[in-house]
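Trainee: one predicted model, sequence on top.
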Amino acid sequence: MNDFLIYLIILSGSTYLIRALPFALFKRTIENKFVRSFLSYIPYSVLAAMTLPAIFYSTGNVASSFAGLILGCIFAYKGKGLTLVALVSCLGAFATELIIMLLG
Amino acid sequence: MKLFLRGLRAGVPIGLGYLSVSFTFGIMAISLGFEWWQAVIISALTLTSAGQLAGISIMVNPMQYITMLISQLTINVRYSFMSVSLSQRVSPSFKGIKRWLLGFFITDEIFAVASTEKRIEPKFFLGLCVMPWIGWTLGTLVGGLIGNVLPPIIISSLCIAIYGMFLAIIIPPAKKSRPILIVICIAGILHCLFYYLPILREIPSGISISVCAILAAIIGALLFPIDTSKEGSDR
């Protein structure tokens, strides 16, 4: 598990530096419009790429994943909080897997 | 002390939210073959959801150090933007070592709450960070420990939780802003192409996520540049 230590250093070290360096050193604002726009879109594009298509297979079963995805989308669309949306997705997936198990 | 306590209280809802999501991170780490203490160390030292999730899926393969670095830099570049934004709003006493130490705690949610302050005092910020960090670490510990005990059907259902949280972060802004909606669609469709098409499929997901996210954000910035005068409207 030497590998683990190296990975841990890269993972937590890069995450720390990317947060702390600009915070500690930055004294002025970015003026470039393109860079500002790019940086403001990055959080959304990262999360979208992480969610699709991984969420289809997240539970190991496409049907239950879709149930969770659809319920999650509905609650997120209604502007519910992070915890509630996450919980509802789980419940949707759980109910579907339960039904599949009982039918199977 | 009053400032610290006010921060502490402001961090409670974030901590509770983190507790539930990191619980599933702990379970996911265990299901990928990690030990519970490894999951806890990762959470305590990293304090991020998307980065850690991508991180553990890379760590199961040996020697993917460059992939790990590239994926973390892309996934987390948003923090730099938040850090810069926060650095403009802190009180004059918030400098030097305080920034180096407290910079560790800048997450999406802590950033969002801190941004509502007129002048961010170091004591307030320190208080604000306590509950989220405890929630994130403790949740991972509990998930990692009882992940083995829970029935498989519950574990598999919980694995969707972190994606549910992502939906809750990206869908409300997409409702309000067409450019954000389009950027999200481009990134999602691109990554599906990377996932399903031959050849592209061979690219490790840590890299393909970064490539798709960067491409989508560049397209967004070219098509819909954000008016600088509307400062502060974006999260």
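Mentor: On my side now, so go ahead.
Trainee: how close does the residue of chain B most remote from its centre get to residue B:207?
Mentor: The C-alpha centroid of chain B is most remote from residue B:198, which lies 30.0 Å away (Cα atoms, centre = their mean). According to Cβ to Cβ, to the nearest Å, residue B:198 and residue B:207 sit 17 Å apart. Quick note: C-beta positions are derived from backbone N, CA and C, even for glycine.
Trainee: related to what we said a few turns ago, is the residue farthest from the centre of chain B in a helix, a strand, or coil?
Mentor: Counting by DSSP: H, G, I helix; E, B strand; the rest coil, the backbone at residue B:198 sits in coil.
Trainee: pretty sure residue B:41 contacts residue A:8?
Mentor: Yes - the pair residue B:41 / residue A:8 is scored as a contact, 6.7 Å apart, by Cβ atoms under 8 Å.
Trainee: I'd like the next helix or strand past the longest helix along chain B.
Mentor: Taking DSSP state H as the criterion, chain B has its longest helix at helix B:2-31. Next helix or strand after helix B:2-31 toward the C-terminus (DSSP states H and E): helix B:36-46.
Trainee: quick one: that next one to helix B:2-31, angle?
Mentor: 140 degrees (axes from the mean of the first three to the mean of the last three Cα atoms, to 10 degrees).
Trainee: just the buried residues of the next helix-or-strand element following helix B:36-46, please?
Mentor: Sequence order places helix B:49-59 as the next helix or strand after helix B:36-46, per DSSP H and E. Neighbour-count burial for helix B:49-59, counted by 16 or more other Cβ atoms under 10 Å in any protein chain shown, picks out B:49-59.
Trainee: adding distance to chain A and pLDDT, write these out as a markdown table.
Mentor: A markdown table is the format used below for the buried residues of helix B:49-59 (distance: Cβ to the nearest Cβ, whole Å; pLDDT from 0 to 100):
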| residue | distance to chain A | pLDDT |
| --- | --- | --- |
| B:49 | 9 | 88 |
| B:50 | 6 | 88 |
| B:51 | 6 | 93 |
| B:52 | 7 | 95 |
| B:53 | 7 | 92 |
| B:54 | 7 | 92 |
| B:55 | 5 | 95 |
| B:56 | 9 | 95 |
| B:57 | 9 | 91 |
| B:58 | 8 | 93 |
| B:59 | 5 | 94 |
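Trainee: residue contacts, residue B:140?
Mentor: Residues near residue B:140 by Cβ atoms under 8 Å, 6 or more residues apart in numbering or on different chains: B:22-23, B:25-26, B:29, B:39-40, B:42-44.
Trainee: of those - the most surrounded one?
Mentor: Ranked by the number of neighbours (other Cβ atoms under 10 Å in any protein chain shown), those place residue B:22 first, at 30 neighbours.
Trainee: for the chain, which segments count as helices?
Mentor: Picking chain A for this. Under the criterion DSSP H, chain A contains helices at A:2-25, A:33-51, A:62-77, A:82-103.
Trainee: hmm, I had chain B in mind actually
Mentor: B:2-31, B:36-46, B:49-59, B:65-87, B:97-102, B:108-114, B:122-146, B:152-158, B:161-176, B:178-196, B:205-223.
Trainee: pass me the low-pLDDT residue ranges in chain A, would you?
Mentor: Along chain A, segments meeting pLDDT under 70 span A:1, A:29.
Trainee: just the pLDDT at residue B:234, thanks.
Mentor: Predicted confidence (pLDDT) for residue B:234: 43.
Trainee: got it, and residue B:170?
Mentor: 90.
Trainee: before we move on, what about residue B:230?
Mentor: 48.
Trainee: would you mark the buried spots in the helix or strand bottoming out on mean pLDDT in chain B?
Mentor: Within chain B, no helix or strand scores below helix B:108-114, which has a mean of 83 by mean pLDDT, DSSP states H and E. Neighbour counts over helix B:108-114 (16+ other Cβ under 10 Å) mark B:108-111, B:113-114 as buried.
Trainee: which residues does residue B:120 bridge with?
Mentor: Beta bridges link residue B:120 to residue B:90, judged by DSSP bridges.
Trainee: excluding its backbone neighbours, what's nearest the residue nearest the centre of chain A?
Mentor: Per Cα atoms, centre = their mean, the C-alpha nearest to the average position across chain A is that of residue A:47, at 5.0 Å. Of all residues not flanking residue A:47 in the chain, residue B:166 sits nearest, at 4.6 Å (Cβ to Cβ, 6 or more residues apart in numbering or on different chains).
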